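Undergrad: sequence plus the predicted model coming up.
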Amino acid sequence: MKKAIKAAFPVTVPVLLGYLFVGIAFGLLYQNAGYHILWALLMSLTVYAGSMQFVAINFFAPGIGLLEVALMTLLVNIRHVFYGLSFLKRFQGMGQKKPYMIFSLTDETYSLLCSAKPPEGVDPDRFIFAIALLNQCYWVAGSALGSVAGSFISFNTTGIDFAMTALFVVILVEQWLSCPTHLPAMIGAACALLGLFAFGADNLVLPAMIFMVVLLMAFRRPLEPKLSLPEESGQNGGEPL
């Protein structure tokens with residue numbers, strides 16, 4: 001496991017930089033809302049949902065019921081259904097690690113699992129488990145730092161939640177530069193715009209994801225030879241489109 005962590009760490013450095021700062025932003029906002037650092041740590045350990053945690057800060061306001069919380073959580077995180085589908089076979093043989101791999105499949109972790117290749121001599125299952133574990137450690141550490149800083153420093157936190165959007169932009173740019181074909185990214189952008197104009201900003205996620213899946217399946221054959229995505233064998237951490 002130490003060997004897997006050592007191999008996974010360089011791969012996760014971009015997420016480390018992003019998660020520390022975004023986690024700090026979350027911790028600051030959470031502390032600013034009047035909650036103790038222990039609550040920030042507990043949420044980052046048990047919820048670990050990135051953008052959903054930013055949204056959840058407002059869930060503790062009076063008048064918000066459990067049904068509203070459940071529906072909002074479903075809408076914000078519906079994209080994870082599509083993430084999980086592409087790793088059904090990959091996680092199948094991971095034994096006791098499987099539940100954690102499912103739990104820890106965030107946007108950034110999914111991105112790394114789809115592209116990172118384990119070095120020779122490193123167990124593939126332990127490698128991707130180390131990636132997921134390190135990423136959550138970064139997020140928890142950032143949340144704790146932000147919460148501690150917020151308890152000592154008072155300042156206007158307006159706009160700080162944009163850090164999550166900035167992290168997504170960085171991931172998009174990195175994948176755009178590293179991917180041998182830009183067609184999947186262009187399909188994703190077109191579907192997002194279509195969902196925005198057809199269903200509005202508050203309801204675009206699910207329709208846009210459905211459009212993407214349909215179009216990517218339609219273009220599967222011409223895309224597969226151009227994409228250096230992981231094989232089903234599990235050597236690189238996922239399945240092809």
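TA: Arrived safely, thanks for sending.
Undergrad: all helices for this structure, in order.
TA: Ranges of helices in the chain, per DSSP state H, are 2-32, 37-46, 51-56, 66-77, 79-85, 88-92, 98-103, 107-115, 124-152, 162-178, 183-199, 205-218, 220-223.
Undergrad: CSV for these, including mean pLDDT and mean neighbour count?
TA: In this view, the C-beta of every residue, glycine as well, is placed from N, C-alpha and C. CSV is the format used below for the helices of the chain (pLDDT from 0 to 100; neighbours: other Cβ atoms under 10 Å):
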stretch, mean pLDDT, mean neighbour count
helix 2-32, 89, 20
helix 37-46, 89, 17
helix 51-56, 79, 19
helix 66-77, 75, 13
helix 79-85, 80, 14
helix 88-92, 88, 15
helix 98-103, 93, 15
helix 107-115, 86, 21
helix 124-152, 92, 21
helix 162-178, 72, 14
helix 183-199, 87, 15
helix 205-218, 81, 16
helix 220-223, 75, 12
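Undergrad: how does this protein divide up, domain by domain?
TA: 2-176, 179-231 (automatic domain parsing).
Undergrad: chain center to the longest one, what's the gap?
TA: For domain 2-176, the distance from its own C-alpha centre to the chain's C-alpha centre is 6 Å (Cα atoms, centre = their mean, to the nearest Å).
Undergrad: and the residue nearest to the spatial centre of the chain, what does it touch?
TA: In the chain, the centroid-proximal residue (Cα atoms, centre = their mean) is residue 107; its distance is 2.0 Å. For residue 107, the contacting residues are 50, 79, 83, 168, 171, by Cβ atoms under 8 Å, 6 or more residues apart in numbering.
Undergrad: mind doing that once more with 7 Å?
TA: When contacts are counted by Cβ atoms under 7 Å, 6 or more residues apart in numbering, residue 107 touches residue 50.
Undergrad: that one and residue 77: what is the separation?
TA: 10 Å (Cβ to Cβ, to the nearest Å).
Undergrad: now swap in residue 201 and tell me
TA: 17 Å.
Undergrad: just give the number of residues close to the closest residue to residue 125 other than its chain neighbours.
TA: In space, and not counting its chain neighbours, residue 125 is closest to residue 94: 5.3 Å by Cβ to Cβ, 6 or more residues apart in numbering. Neighbourhood size, residue 94 [other Cβ atoms under 10 Å]: 19.
Undergrad: next one: residue 200
TA: Residue crowding around residue 200 was assessed by other Cβ under 10 Å; the count is 9.
Undergrad: give me the pLDDT for it.
TA: Residue 200 carries a pLDDT value of 85.
Undergrad: before we move on, what about residue 63?
TA: Residue 63 is given a pLDDT of 62.
Undergrad: now do residue 1
TA: The model reports residue 1 with a pLDDT of 89.
Undergrad: isn't it right up against residue 127?
TA: No: using Cβ atoms under 7 Å, residue 1 makes no contact with residue 127, being 10.0 Å away.
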